[in-house]
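**Student:** sequence isn't available, so here's the structure alone:
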């Protein structure tokens, strides 16, 4: 009995309020979704210093499902459904393709599109907004700079998220970082430069720890390691500052960095339908 009391006292003395809070925290889980492939025939498209002459590369279009307790969040929505089943090369090719929609993939784990209550979009490019319309009930989180750019008259990039821009869906224009659930487990990171409102996503998992989903702060590893930037980024200096922030976050949080277009990075995550916790 004395030993039991002593052990109980020791637990009380060594348990912090943070431990108690963590014990009651909603479970967080991350799935990688296969949202297609993109063939880049001239890799200099991703270098304003022409570092990749004569090189090509197949990139992946990735998006992610996050479960926070009984809530589901989608991060990016992949290529448009018109790309489904297209050849990657040859007759009829557009240089992009995928095999299964996000909704079809979610069905295999019993998650209907209507259960996705939050959709975060890293930025307004077509390979990140393509299937957004399949989640009309979700509250859309997007950087304010990108939303403002999409509101410019006749912007063709606006179509996939038109319902939110027109007020038919819930839209939050994110300024700076955004703690999505208010507990630090899922944070949109302000990483401008690729586009005006570009964001990444930092996810804290109970077992695996931190995972940083990069958006398009860099497109592949060599690009990331050498500060290689596409000429069409909206701000070169902002992009370099965002790359520096990502590196510091990865180091300080001991985070697993996933460059969302780099096949080898995405391959570090479990193959769907398995998840990371």
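**Tutor:** Nice, thanks for sending it over. Being a predicted model, the structure only gives us computed values, none of them experimental. Numbering: from 1, shown residues only.

**Student:** how about the helices in this structure?
**Tutor:** Along the chain, counting by DSSP state H, helices occupy 2-14, 17-24, 102-107, 126-129, 144-150, 162-165, 221-225, 236-253, 263-266.

**Student:** can you tell me which of those helices comes nearest to residue 192?
**Tutor:** Smallest distance to residue 192 across the helices of the chain (C-beta to C-beta): 4.6 Å, for helix 236-253. The C-beta positions use only the backbone N, C-alpha and C, and glycine is treated the same way.

**Student:** re earlier: what's the most buried one of the helices of the chain?
**Tutor:** Mean neighbours per residue, mean count of other C-beta atoms under 10 Å, is largest over those for helix 126-129, with a mean of 24.

**Student:** residue ranges with poor pLDDT in this protein?
**Tutor:** When residues are selected by pLDDT under 70, those of the chain lie in 1-23.

**Student:** and the strands in it?
**Tutor:** 28-40, 57-68, 71-75, 96-97, 116-121, 139-143, 171-174, 178-179, 186-190, 199-205, 209-213, 256-258 (DSSP state E).

**Student:** now distance to residue 113 too, for the helices of the chain, in CSV please.
**Tutor:** Below are the helices of the chain laid out as CSV (distance: least, C-beta to C-beta, whole Å):
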stretch, distance to residue 113
helix 2-14, 44
helix 17-24, 29
helix 102-107, 5
helix 126-129, 16
helix 144-150, 22
helix 162-165, 14
helix 221-225, 32
helix 236-253, 31
helix 263-266, 22
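
**Student:** what's the spacing between residue 44 and residue 225?
**Tutor:** Distance, residue 44 to residue 225, by C-beta to C-beta, to the nearest Å: 17 Å.

**Student:** residue 83 too?
**Tutor:** Distance, residue 83 to residue 225, using C-beta to C-beta: 30 Å.

**Student:** what of residue 31?
**Tutor:** Distance from residue 31 to residue 225, counting by C-beta to C-beta: 27 Å.

**Student:** can you get me a residue count around residue 186?
**Tutor:** 23 (other C-beta atoms under 10 Å).

**Student:** beta partners of it?
**Tutor:** Beta-bridge pairing for residue 186 (DSSP bridges): residue 203.

**Student:** I'd say it and residue 28 touch.
**Tutor:** Yes. The pair residue 186 / residue 28 is scored as a contact, 7.2 Å apart, by C-beta atoms under 8 Å.
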